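K.L.:
Prediction below, plus the sequence it came from.
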Amino acid sequence: MSAARVLTLVGMPDCHLCHRMRHTLERVAGDFGARIEDVDIRSDAELERRYLLEIPVLLLGRRELARHRVEEAELRRRLEAAFAPRTG
């Protein structure tokens, strides 16, 4: 699986919204051949500086796909757009 198919969920272990987003990701990621990587925001000073009050944050590489909440249908739409073949 290529690195382009890694969805990074930035959050904290005791974050209710992070758990909800993780649950949504688990239902969707496999349909896109993606794997989920959890990152504790406290383990990365740059992520903590950028997102401390914004978690959970979903990243594809350096691209932000969602923060706080995302419904399954909306996440699917965003992933379809993110993984669509680029032309031209």
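P.N.:
Great, that's in hand.
K.L.:
Low-confidence stretches in the chain?
P.N.:
Low-confidence segments of the chain (pLDDT under 70): 1-4, 88.
K.L.:
all strands of it, in order?
P.N.:
With strands called from DSSP state E, the chain shows them at 6-11, 35-40, 57-60, 63-67.
K.L.:
Distance to residue 75 and mean neighbour count added to the ones you listed, as TSV?
P.N.:
Quick note: C-beta positions are derived from backbone N, CA and C, even for glycine. Shown next, in TSV, are these (distance: least, CB to CB, whole Å; neighbours: other CB atoms under 10 Å):
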stretch	distance to residue 75	mean neighbour count
strand 6-11	10	21
strand 35-40	12	14
strand 57-60	8	21
strand 63-67	7	15
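K.L.:
Quick one, which of those gets closest to residue 82.
P.N.:
For residue 82, the closest of the strands of the chain is strand 57-60, at 5.4 Å, according to CB to CB.
K.L.:
Number of residues surrounding residue 52?
P.N.:
12 (other CB atoms under 10 Å).
K.L.:
Can you pull the phi/psi pair for it?
P.N.:
phi -50, psi -40 (degrees, to the nearest 10).
K.L.:
which residue ranges form the helices in the protein?
P.N.:
Ranges of helices within the chain are 16-28, 45-51, 72-83, based on DSSP state H.
K.L.:
Among these, which comes closest to residue 65?
P.N.:
helix 72-83 (5.2 Å).
K.L.:
and the residue positioned nearest the centre of the chain, bridged to which residues?
P.N.:
By CA atoms, centre = their mean, the chain has its centre lying nearest to residue 58, at 2.3 Å. Beta-bridge partners recorded for residue 58 (DSSP bridges): residue 9, residue 66.
K.L.:
any idea how far residue 87 is from it?
P.N.:
25 Å (CB to CB, to the nearest Å).
K.L.:
do the same with residue 54
P.N.:
33 Å.
K.L.:
Neighbour count for those two, which is higher?
P.N.:
residue 54 (12 against 4).
K.L.:
What residues sit buried inside stretch 81-88?
P.N.:
Buried residues in stretch 81-88, counted by 16 or more other CB atoms under 10 Å: residue 82.
K.L.:
I should have written stretch 71-82 there, sorry.
P.N.:
Across stretch 71-82, burial judged by 16+ other CB under 10 Å covers 75, 76, 78, 79, 82.
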